[in-house]
Structures are given as structure tokens and as C-alpha cells.
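1. Need a 3D model of the following:
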Amino acid sequence: MKQVPTDKIRNVVLVGHSGSGKTTLAEALLFEAGAISRVGRVEDGTTVCDFDAEEQRRGQSLSLAVAPFEWKGHRVNLIDTPGYADFEGEARAGLRVADLAVFVVSAVHGVEVQTMRLWRAAAEMGVPRMIFINKLDRERASFERTLDQVREHFGAGVAPLELPIGAEIEFAGVADLLTDTAFLYDEPAGRLSPDTSRIHRTAEIPDEMEALEHQVHDNLVEGIVVADDELLERFLEGDVPSVVELERAMAHGVDMATVFPVLCGSAAARIAIDRLADFICELGPSPLDRPPVLVEAGGTTVEITPNAEGEPLAYVFKTIADPFVGQISLFRMLSGTVRIDDHLVNPRTGSDERMHGLFTLSGRDHVAVTQVVAGDLGAVTKLSSTGTGDTLAPKGTPVRVPPARQPEPALAIAVVAHSIADDDKLTTALHRLVREDPALVVEFDGETHQTLLRGVGETHLQITIEKLERKFGVAVDTEAVRVAYRETITKPAEAEGRHKKQSGGHGQFGVATVRIEPLERGGGFEFVDAVVGGAIPRQFIPAVARGVEEAMADGGVLGYPVVDVRVTCLDGKYHPVDSSEMSFKMAGRLAFREAMEKASPVVLEPVSALEVTVPAEVQGDIMGDLHARRARVQGTEVGDAGLQVIVAQVPTAELLRYATDLRSRTSGRGSFSTHHDHYEVLPSQLVGTIGAKPDRRGGVST
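-> Numbers count the residues shown, from 1 in each chain. As a prediction, the model looks like this:
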């Protein structure tokens, strides 16, 4: 693939709900451009863009994929993204490096949940947008219904540039509203060979739709000229702008993310795909048309423009853990030009990175290149300490792109190595997966002694477990996440601990009397030395405290770590020969355990602060569900796009499966964030329902 200047580069991301046909559209564009020789599934069952084994098995995209192609002197870097909610982070990564987002909407199912979520994300990032209404050759497809939904959800900037000719199986082409020309594709949609092209011919607008086409054409022209004072003045004087002038004005509106052209066609039948490629190049912005990228440099914000002659600056937007070639880092050149074997520095880690073996990804293929210029996308292998979201800059240039906002992990599972051999490799494999997917979080819970894998949803975690075994040969078992219950007391109590052991020679002897009292919630642990008269020698008092602390950590009467207790050592006895630190540590343990049984212990459960964002029409159902989870709702407010935000405090045990339940109750339209807030007493009637004692480890499965 030949090099092109920055103004001829188009970085385009395909986004939309799962099943809208994004990957099929990507293949159709690549096929029309001659980048691939056939589309759909090939002899080995794989597809061009779904090159991961799990993607092939499931028949859906699970990660971001990049495939470049040439079109009429332009280089188009096509970024295909998953539409499933669990992999929204991949779509956001594509939006972050794209100059144009093509939202793919099914004419059968209309505007769906994930499309709306990603539209809001693109709007927040200021990404120019275009809409492609797909699957017009399918049964129950409706352009008019889908266009109405697009206008309803995406606002006044929606501007249809085409109308379909024919419907469902009779869908044959499109009418261009700017040129009043029909583009017909061979014959009505039917089964095509995977390696044949569909050729279009131009014709007059069919008589039966001529009146509608002229009406929509006039509306389109009026909508374009109102955004340009000069064109509007001429238009009001009766001078109709030329097609070139209208396209130029529309391209400016697209660049400013105020105009959203609507195109239509069928990726599967390959109708109007060539026209989509035309519009991407004609109306879509180049990197030079986009605002400067803001980077942080020494506490200040600096604007970076895509100047090919400037200092090289690269942003790594995706990391792929490849079991054969190692780590692959996909990057966008924000400025300058990087060449083979150039050295850049990662300001986050300070490591020097050699850009050895530059290439571009095209599905599964690596296409070697000698350089990557400003605005272009490239790839490199074996960067030593650079992950997704890192910046690469010349030595002595401490700049970095602010980190992207990732979907908050909402679901967790505990993972345990299946064998000793797996255990040796587990930590390294998990680390590599986190570098590949920033939406994953791995942490070790010191209280419950579990390795927790947190992700966006069930599918996200399931795919990660499968990747562990397929890519790294690490088999794991999963178990329920234990809740870190604790224990405290509700009244004072005293007890004596006596440790006496004689086994020939020096024995062991220590006696300690302690009083325990409850502290306020969050008080932790206090130890008070109130021994007088040398009943316990001073050097042995700390041993009593250590024994008490060990007993608290091992668990009280109910089996959970003890907190919020003051322990006062009142008295004791010692033997001048047989007493030792070990003796008094054991005495402290015994005294504390006996006192706990007298102090009316209770279980404390963790409580989380929860913020749920849902559509207004399901707010009542969500509130009812929260009350059933023993939540205390603290208030509601109106959020962005009319969504309702519910703020509550909820026992953590009631939220372990909340991500799945909320998605089901809101049809995927709800989201939430949560964090630990405090501990409070578990109602006594629930103590028997939280499972077995945790074997003195501090957690329990629920």
C-alpha cells in the first residue's frame, strides 16, 4: 500500500449495536476497494475481519480490528468495533483515534441501545458522525421508520443524502438527493458469489418516487445553506448553489460535528457500498481538518497538530497479546513521522522503545511499512513496557495523552489456578491481558484471599477466561466472590486467659486478664496497658497485644475478623522460669476469645455507595428492586439526555450480580457505578443465610 500525505488519510470507525452489520460492512468496503478477493466465510470457516478464534466461534466481533484500503487516491484506515455492551471499551478506543464515526443502523431493528450509548460517547469526544442505514434488502426493513428513529434520537443535524429504490427483496439501489440521480445495482438484491462485484449504473429517478425525491432534495438544500451565510444569502435571492458548493458546505458541517449525513444500502448485498466509500473520502475529515490533540506536558496542556515534519509523537490505542509474535501495539501518529528502528521514550515508564518492524494490520495479515506519518495508524511488536493508553515521544519530551475513560468494571469473579503449573503462569498471563484490555481489572483481596477478575459483564469475563487458556495455556477454575464480612461486639466483657504447659525442662506459663469494649464504627483496634504492680513483666505486655491481634484477625465467635474493639490488659500472672513471650501471646489469644463469647458479638456487612442511571420509564421498577436489596435510597436527580440518576446505599452482598440484573431490567440501557462506603450491622435474621464460616480467612461465599 503506497504512502499518502496526511490530507489524504481517512481514519473511520464503524460503530453500532451488535448485529447491525458492521463487520459485514467492513468486508464489503474492503472487497469493493480490492483489498480482499472475497467476502463472508471462506473455506476454513473464518472471516476477513473476525480473525480471533472466539470471534469465529461466536459469529460476532469481540475486539477492535483495523483494516486499511485505498480508494480514489485516499488511504482509509477502517476500524471495526464490537457492538456488544461488554466490549464498549473497544468501541471507545476506536472513537478516540478516528476522525469520522460511521454509525451502522439496521433497517430491520432500528436504533438500538448500544448505538445510542456510543452516540453519546462520540458526542462527548466531538467526533464527526455519519449514519449508514443497513440491511434494506431484508424482510421487515423500513427506511422511513428507521430514519424517523434516527431523527428522534440524534437530533436536527441528521441530513439524509439518499433514498432507497425498492424495498426488502426488491431493494435495487439508491437515489442521490444532491444530484437527483438514481444508482441501480445490477438487479434486485439476491445471493451473490463471495468473489463477484456488484456494478451500478446511473438512471433517472423512478417516476413513482420522483415527487418525494424532489421534496426531500429541497429540504436537504435548505438545511445545508442555513449553516452558511453566503450560500443562504444567494439561495434567498434565487441562486441555487451547485452540487460542489453544497458538498463543500456539508463537509464543513461534518467536520464541526453539527451535520450528520445519512446514507443507506445493504452490506450483504453490496448495494451502495461504493457510494459510502465515496462519501467517506469526500465528506469525511482528514486528520488536518480535526482540532489539535491536547496533551499534558509538565503540568501544562499543549496542542499537537498532525504535522508530518514535527517531532514524532505516537498514541498507543490498542494492545494485542499474540501468542506467536508477542505483544502488538497499535498506535496513531499524532505528529511527525516514525521510521523503522527509530527510538522513542514512554514518558510514563521512562523506558526507551525501539520501533522495530513497523507494519499495518489488515485482518490477520501484517503488511510491512517503512514509516508511519502524522495522522496515520500503524503497528509495532515487542515494546517492552508500553501498554494501551501510553504515549511515545522523543527523549526529553515528557508529554502524554490524557487517559481515556474506560467503562467501569461492574462484575467480578474469583479465579484459581487449575494446577500448580497453571499457578506459575497465572500472574504473568493476567498482567498481559490487562495490558491488552484496560477494561479488565485484576486485584488480590487480602481479606478474602481471592484473586478477583473484574470486567464489564458476564460475556467479557467469560471471553477473558477462554483467552487465558487459548492464548497462554493457563487453565483456571472460578468461584463466587466472597464478601468481606467482619465481626464486632456490642457490650463490654472480661475474661482470663491461662496458658500452662509442662513437658519436661522449662515449661510454658502465662496468665492474662483482659477487658474488651466496643468502639465506634471505624474505630479499628486499641490496646491499653492497665497492669499494675508488675503482675505481668513489662517485656511481656506487647506479646499479650500481639496475641489479641492475631485472634482478632483469625476471627471471632462467628468466624469473621474482629474490628472496632478496645482491649485493656488488667492483670495477670507469670513464672520467673517458665514465662515467655510465646506464653503471654497464647494467654492473650485465649483471654480475647473467651471475652468475645460474653460480649454479644454481631456480624458487620460492607455497604456500598451506588449510583444508578436509568431511563425514566423504568425508574419505578429499579427503585422497587433496590428496596428489595435492602437499599437506602438517598435521592434522585435528572442526568444527561433525560436519564434518571438514583443515589443509594446498598449492602455489597446484594450487588454481586447487579450488573447482569440491571442490564436485564433496563434492556441494556442502565448503568451504574459503586464503591465501598462503610460497614454496618447485619440484621440478626440474616446471619444464618450468609453461608459457612470462612475458615478463619475473613470472607464467605454468597
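2. any idea how far Ala182 is from the closest residue to Thr181 other than its chain neighbours?
-> The spatially closest residue to Thr181, leaving aside those adjacent along the chain, is Thr202, at 5.4 Å (CB to CB, 6 or more residues apart in numbering). For the C-beta atoms, the positions are set from N, CA and C on the backbone; glycine is no exception. Distance, Thr202 to Ala182, by CB to CB, to the nearest Å: 7 Å.
3. For those two, work out which one has more neighbours and name it.
-> Higher neighbour count among Thr202 and Ala182: Ala182, with 22 against 11, using other CB atoms under 10 Å.
4. Next, the more buried one: secondary structure please.
-> Secondary structure assignment for Ala182 (DSSP: H, G, I helix; E, B strand; the rest coil): strand.
5. which residues touch the residue lying closest to it once chain neighbours are set aside?
-> Nearest residue to Ala182 in three dimensions, chain neighbours excluded: Ala203, at 4.5 Å (CB to CB, 6+ apart). Taking CB atoms under 8 Å, 6 or more residues apart in numbering, we find Ala203 in contact with Thr181, Ala182, Phe183, Leu184.
6. mind listing what's buried in stretch 491-508?
-> Judged by neighbour count (16 or more other CB atoms under 10 Å), stretch 491-508 contains these buried residues: Ala493, Glu494, Ala495, Glu496, Gly497, Arg498, His499, Gln508.
7. outside of it, which residues touch it?
-> With CB under 8 Å, 6+ apart, stretch 491-508 has contacts from 509-518, 547, 570, 575, 577-580, 582-584, 586-600.
8. Buried members of the residues you listed into ChimeraX, please.
-> Selecting only the buried entries of those in ChimeraX, with 16+ other CB under 10 Å as the criterion:
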select :509,510,511,512,513,514,515,516,517,518,547,570,578,579,580,583,584,586,587,588,589,590,591,592,593,594,595,596,599
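9. so of the contacts of stretch 491-508, which ones are in helices?
-> The helices, defined by DSSP state H, take in 547, 582-584, 586-598 from the contacts of stretch 491-508.
10. and of the contacts of Ala203, the nearest to Met130?
-> Closest approach to Met130 among the contacts of Ala203 (CB to CB): Phe183, at 17.7 Å.
11. Roughly how far does the closest one sit from Ile271?
-> From Phe183 to Ile271 the distance is 9 Å (CB to CB).
12. which residues are in contact with both of those two?
-> In contact with both Phe183 and Ile271: Gly173, Val174, using CB under 8 Å, 6+ apart.
13. Who has more neighbours out of the two?
-> Legend: neighbour count by other CB under 10 Å for Phe183 and Ile271, higher for Ile271 (30 against 21).
14. Return the residues in contact with that one.
-> With CB under 8 Å, 6+ apart, Ile271 has these contacts: Leu136, Asp137, Phe171, Ala172, Gly173, Val174, Tyr185, Ala189, Arg198, Gly265.
15. any weak-confidence spans in the protein?
-> Within the chain, the segments meeting pLDDT under 70 span 1, 41-61, 187-192, 363, 503-505, 691-702.
16. name the element the spatially most central residue of it belongs to?
-> Nearest to the mean C-alpha position of the chain, by CA atoms, centre = their mean, lies Gly89 at 3.0 Å. Using DSSP states H and E, Gly89 sits within helix 88-97.
17. Pull out the buried positions in that helix.
-> By neighbour count on 16+ other CB under 10 Å, the buried set for helix 88-97 is Glu88, Gly89, Glu90, Ala91, Arg92, Ala93, Gly94, Leu95, Arg96, Val97.
18. got it, and stretch 271-291?
-> 271-277, 279-281, 283-290.
19. can you check stretch 334-352 too?
-> Under the neighbour-count criterion of 16+ other CB under 10 Å, stretch 334-352 has Leu334, Ser335, Gly336, Thr337, Val338, Ile340, Asp342, Leu344, Val345, Asn346, Pro347, Arg348 buried.
20. What is the nearest of those residues to Val681?
-> For the buried residues of stretch 334-352, the nearest to Val681 is Arg348 (43.9 Å; CB to CB).
21. Contacts only, for the closest residue to that closest one other than its chain neighbours.
-> Among residues not flanking Arg348 along the chain, Asp390 sits closest, at 5.6 Å (CB to CB, 6+ apart). Asp390 sits next to Tyr315, Val316, Asn346, Arg348, Thr349, Arg400 when contact means CB under 8 Å, 6+ apart.
22. Show me the domain layout of this protein.
-> Domain assignment for the chain by automatic domain parsing gives 6-289, 293-400, 411-479, 487-600, 604-701.
23. chain center to the last one, what's the gap?
-> Centroid displacement of domain 604-701 relative to its chain, using CA atoms, centre = their mean, to the nearest Å, is 21 Å.
24. how about the strands in the stretch 551-700 of the chain?
-> For the stretch 551-700 of the chain, applying DSSP state E, counting those that start in this stretch gives strands covering 565-573, 602-614, 632-638, 644-651, 671-681, 700-701.
25. I'd like those strands as JSON lines, with distance to Arg145 appended.
-> Output for the strands of the stretch 551-700 of the chain, formatted as JSON lines (distance: least, CB to CB, whole Å):
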{"stretch": "strand 565-573", "distance to Arg145": "66"}
{"stretch": "strand 602-614", "distance to Arg145": "26"}
{"stretch": "strand 632-638", "distance to Arg145": "29"}
{"stretch": "strand 644-651", "distance to Arg145": "27"}
{"stretch": "strand 671-681", "distance to Arg145": "27"}
{"stretch": "strand 700-701", "distance to Arg145": "49"}
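26. thought Leu30 was touching Phe69?
-> Yes - look at Leu30 against Phe69 with CB atoms under 8 Å: they come within range, at 5.4 Å.
27. who's more crowded, those two?
-> Neighbours were counted for Leu30 and for Phe69 using other CB under 10 Å; Leu30 has more, 25 against 21.
28. Next one: the more buried one from His366, what distance?
-> From Leu30 to His366 the distance is 16 Å (CB to CB).
29. now do Arg657
-> On the measure of CB to CB, Arg657 and His366 end up 41 Å apart.
30. higher neighbour count, those two?
-> Per other CB under 10 Å, whichever of Arg657 and His366 has more neighbours is His366, with 17 against 13.
31. For the residue nearest to Thr181, give me phi and psi.
-> Phi and psi for Thr202, reported as degrees, to the nearest 10, are phi -90, psi 150.
32. Over to Ala267?
-> Dihedral angles (degrees, to the nearest 10) for Ala267: phi -70, psi -40.
33. Distance-wise, check it relative to Glu27.
-> From Ala267 to Glu27 the distance is 8 Å (CB to CB).
34. What of Val76?
-> Separation of Val76 from Glu27 (CB to CB) stands at 14 Å.
35. okay, the two: which has more neighbours?
-> Glu27 (29 against 24).
36. measure that one to Ala269 for me?
-> Where Ala269 is concerned, Glu27 sits at a distance of 13 Å (CB to CB).
37. Please apply the same query to Thr360.
-> Taking CB to CB, one finds Thr360 at 29 Å from Ala269.
38. Can you show me the helices along the stretch 301-450 of the chain?
-> Remark: helices assigned in the stretch 301-450 of the chain by DSSP state H, counting those that start in this stretch are 420-436.
39. can you give me the strands for it?
-> Going by DSSP E, counting those that start in this stretch, the stretch 301-450 of the chain shows strands at 313-322, 326-335, 337-339, 343-345, 352-354, 359-362, 365-368, 371-373, 377-381, 391-392, 399-400, 411-417, 441-445, 450-455.
40. want to throw the ones you listed into CSV with distance to Pro306?
-> Formatted as CSV, the strands of the stretch 301-450 of the chain follow (distance: least, CB to CB, whole Å):
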stretch, distance to Pro306
strand 313-322, 10
strand 326-335, 6
strand 337-339, 11
strand 343-345, 17
strand 352-354, 21
strand 359-362, 17
strand 365-368, 22
strand 371-373, 9
strand 377-381, 12
strand 391-392, 15
strand 399-400, 15
strand 411-417, 39
strand 441-445, 33
strand 450-455, 34
